[in-house]
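**Q** need the 3D shape of this:
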Amino acid sequence: QVQLVESGGGLVQTGGSLRLSCAASGRTFSGYTMAWFRQAPGKEREFVSAISWSVGSTYYVASVKGRFTVTRDNAKNSIDLQMNFLKPEDTAVYYCAAASAPLTARLVRRDNYDYWGQGTQVTVSS
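**A** The predicted structure is shown next:
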């Protein structure tokens with residue numbers, strides 16, 4: 001049974017940093033795309049960033065490019081999201097997701113993902 005468990009959320013001031021982690025278990029993720037999505041109150045869940053588990057290539061939504069960095073640790077079966085220069089508009093529940101497909105442009109759509117974590121809250125105060 002595949003499990004994705006996020007951790008690392010919290011409260012931070014504008015301009016601060018947080019590091020989210022997603023521990024993945026239950027199968028081998030070679031060939032998968034791992035991603036981070038977020039959902040703010042009253043808004044739809046949106047794509048943030050993705051990484052190819054095998055190749056390590058990455059993709060970011062424009063609003064976080066240059067501030068967020070996604071990495072993977074194959075030995076630990078985990079991915080991280082380093083978030084710097086945080087803004088109040090980054091406040092949301094952040095979800096880890098896994099898709100059984102290589103990283104392509106269509107992977108920004110949440111309906112292409114097979115597995116989801118339970119989410120972790122990130123709150124950025126102004």
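
**Q** spatially central residue for this protein, please.
**A** Centroid-nearest residue in the chain: residue 36, 1.9 Å away (criterion: CA atoms, centre = their mean).

**Q** nearest spatial neighbour of that residue, skipping sequence neighbours?
**A** Distance criterion CB to CB, 6 or more residues apart in numbering; nearest residue to residue 36, sequence neighbours excluded, is residue 48 at 4.3 Å. No exception for glycine: its C-beta is placed from N, CA and C like everyone else's.

**Q** just checking, that neighbour touches residue 61?
**A** Yes - taking CB atoms under 8 Å as the definition, residue 48 is a contact partner of residue 61 at 5.7 Å.

**Q** got the CA coordinates for stretch 73-80 in CSV?
**A** Output in CSV follows, covering the C-alpha atoms of stretch 73-80 (Å, rounded to 0.1, in the frame of the first residue of the first chain):
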residue,chain,number,x,y,z
ASP,A,73,16.6,11.5,-1.8
ASN,A,74,16.5,8.0,-3.4
ALA,A,75,18.1,6.4,-0.4
LYS,A,76,15.5,7.7,2.0
ASN,A,77,12.6,7.4,-0.5
SER,A,78,11.6,11.0,0.2
ILE,A,79,11.3,14.3,-1.5
ASP,A,80,11.8,17.8,0.0
